[in-house]
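J.: compute the structure for the input listed below.
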Amino acid sequence: MHGQHDHIVKQYDAELDRLTGEIVRMGSLAVEQLHVAIDALEARDDTTARRVIAHDVNIDRLEHDVSHDVIRLLALRQPMAGDLREILAALRIASDIERIGDYAANAAKRAITLNTMPASQLSRNLRALSQLAGDLVRDVLVAYRERNDQAALKVRARDAELDQLYTSLFRELLTYMAEDPRHITASIHLLFIAKNLERIGDHATNIAENVWFIAHGEPPAGEREKRDTTTSPTP
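T.: Down below sits the predicted model:
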C-alpha cells in the first residue's frame, strides 16, 4: 500500500511539473506575440500584425489544455491545502496569460488600423513600454517555475516602473493631440495600446501574487504601489 502511495505522489509531482512547463511555455508565447505586435506597429507591417492575431488561438488552446490537466490532477490525488494552492494558482496564472495574449492581439489589430494613417513619431515610444511589460512577464514566469516567492515580490514592486512609463507616454500623447488635432485619431489608438501594455504589468503582478500564495496560502502584505496617475479610459 505504501508503494502505491509513493507511486501516486511521484505521478502527481510529474503531472504538476508538466503543468508548470505548459504554463511557462504559454507565457513565453504571449510575450513573443507582444513583441512581434510592436514590431509590426513600428514597421507598419500588416502581414506580421495579422499573424499575431491568428496565433492568439494557440494561447487560448494552451489555456484549455491547462484546464484539462488541472482536472486530471484533481482526479489523481484529492489535494490537501498545499496541493490545492498549486492547482488554484495554475488556473489563475493561465487565465492571466490568456489575457496577456489578448492584449498582444489587440495591439496588432490597432497596428493594422494605424497603418492606414500617417506615421506617428510617438509610436516608437511604445517600444520601451512593451519591453518592460515583457520583462516583467518573463521574470515572473521564472519565479513561478522556481516557486521563488521573493523573486515574485520583486516583479510586483517593479510594476510601479511600468505605471510611471505609461503615465509619461499618456501625457506626451495628450500634448501631441492638443498641438495638432489631425493627430487625435492615431493618438487615441496609440493610447489604447499603451493602456493594454500597462494592463499586462497588472497581470504580471497577479501572477507574482499567486506565486506568493502558493508558498504562504495568503496574498502578500501591503498594497501594490501604483504610479499610474492618468484617468484614461478602459480599452
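
J.: could you use CA atoms for every contact and neighbour count after this?
T.: OK.

J.: thought L169 was touching N125, still the case?
T.: Yes. Using C-alpha atoms under 8 Å, N125 makes contact with L169 at a distance of 7.3 Å.

J.: looking at the two, which is more packed in?
T.: Remark: of N125 and L169, L169 carries more neighbours, 21 against 16, as counted by other C-alpha atoms under 10 Å.

J.: wait, what's in contact with the more buried one?
T.: N125, A194 (C-alpha atoms under 8 Å, 6 or more residues apart in numbering).

J.: next, the buried residues of the strand or helix carrying it.
T.: Using DSSP states H and E, L169 falls within helix 149-179. For helix 149-179, the neighbour count (16 or more other C-alpha atoms under 10 Å) marks 149, 151-156, 158-167, 169-170, 172-173, 176-177 as buried.

J.: got the buried residues for the helix or strand containing G201?
T.: Taking DSSP H and E as the definition, G201 sits inside helix 184-216. Across helix 184-216, burial judged by 16+ other C-alpha under 10 Å covers 184, 186-187, 189-214.

J.: which secondary structure elements does the helix or strand bottoming out on mean pLDDT in the chain sit against?
T.: The weakest-scoring helix or strand in the chain, judged by mean pLDDT, DSSP states H and E, is helix 2-43 (a mean of 88). Where contact means 3 or more C-alpha pairs under 8 Å, 6 or more residues apart in numbering; DSSP states H and E, helix 2-43 is packed against helix 46-76, helix 81-114, helix 126-146.

J.: turn those into CSV, columns for mean pLDDT, mean neighbour count and distance to V36.
T.: Formatted as CSV, the helices and strands packed on helix 2-43 follow (pLDDT from 0 to 100; neighbours: other C-alpha atoms under 10 Å; distance: least, C-alpha to C-alpha, whole Å):
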stretch, mean pLDDT, mean neighbour count, distance to V36
helix 46-76, 91, 17, 7
helix 81-114, 93, 22, 9
helix 126-146, 97, 21, 10
